[in-house]
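Engineer: Sequence and predicted structure below; questions after.
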Amino acid sequence: MATIVKWSPFHDLDVIERRMRRLLEDVGVAPEPIPAADLYETPREVIVELDVPGFEEKELELEVTDHTLTIKGERKEEREEKDTTFHLHERLEKRFERRFTMPPEADLDKIEAHFGKGVLEVHVPKVEQAKPRTIEITKA
């Protein structure tokens with residue numbers, strides 16, 4: 001018996017993004033690193049987990065606009081700049097920004113975020129869908 005699986009373009013886009021990043025690194029033109037993320041949903045909520053090692057809770061910011069969740073990070077500490085040539089550069093810089101499109105059933109007024117061990121976890125509950133009900137028809 002065949003199983004129907006819900007297709008998610010996020011996995012395919014992530015694979016493409018990683019391959020493009022490696023290609024650009026090989027020619028010496030690499031985009032700034034972005035934090036790794038997992039975006040998944042349960043029957044009751046949408047969850048975003050974002051790896052942000054080296055950042056503190058106060059250096060992170062969440063913003064919601066038009067069903068788009070934006071997570072920004074900016075380090076305040078200054079590191080001493082050295083005359084360095086990178087052969088591989090994947091660690092997060094001083095700032096980053098990631099955007100995630102939330103589904104229509106996401107309840108954006110009740111978002112919760114938790115931070116610990118270098119991982120930001122954002123929980124977006126879903127609005128309960130109205131269940132169909134039968135309406136009795138009476139004579140007028």
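Structural biologist: Received the coordinates, thanks.
Engineer: And stretch 54-64, how far out from the chain middle?
Structural biologist: Its chain's average C-alpha position is 13 Å from that of stretch 54-64, according to Cα atoms, centre = their mean, to the nearest Å.
Engineer: What are the contacting residues of that stretch?
Structural biologist: Applying Cβ atoms under 8 Å, 6 or more residues apart in numbering, the contact partners of stretch 54-64 are 52, 69-76, 91-92, 102, 108, 111, 113, 115, 118, 120, 122. The way it works is simple: take the backbone N, C-alpha and C, and place the C-beta from them, glycine included.
Engineer: Please apply the same query to stretch 24-37.
Structural biologist: 21, 48-52, 73, 88-93, 96, 98, 100.
Engineer: Just the buried residues of the contacts of stretch 54-64.
Structural biologist: Applying a neighbour-count criterion of 16 or more other Cβ atoms under 10 Å, the buried members of the contacts of stretch 54-64 are 52, 69, 71, 73, 92, 102, 111, 113, 115, 120, 122.
Engineer: Pick out the one among the contacts of stretch 24-37 with the largest number of neighbours.
Structural biologist: Most neighbours among the contacts of stretch 24-37, by other Cβ atoms under 10 Å: residue 50, with 24 neighbours.
Engineer: Contacts only, for that residue.
Structural biologist: With contacts taken as Cβ under 8 Å, 6+ apart, residue 50 has the following neighbours: 35-37, 71, 98, 119-122.
Engineer: if you go through this structure in chain order, where are the strands?
Structural biologist: Read by DSSP state E, the chain holds these strands, from start to end of the chain: 37-41, 45-51, 60-65, 68-74, 95-101, 112-116, 119-125.
Engineer: The fifth one - which strands sit beside it in the sheet, and in what orientation?
Structural biologist: Using DSSP bridges, the strands paired with strand 95-101 in its sheet are strand 68-74 (antiparallel).
Engineer: what do you get for the second one?
Structural biologist: According to DSSP bridges, strand 45-51 forms sheet pairs with strand 37-41 (antiparallel), strand 119-125 (antiparallel).
Engineer: Give me the angle between that strand and strand 112-116.
Structural biologist: Computed with axes from the mean of the first three to the mean of the last three Cα atoms, to 10 degrees, the direction of strand 45-51 lies at 30 degrees from that of strand 112-116.
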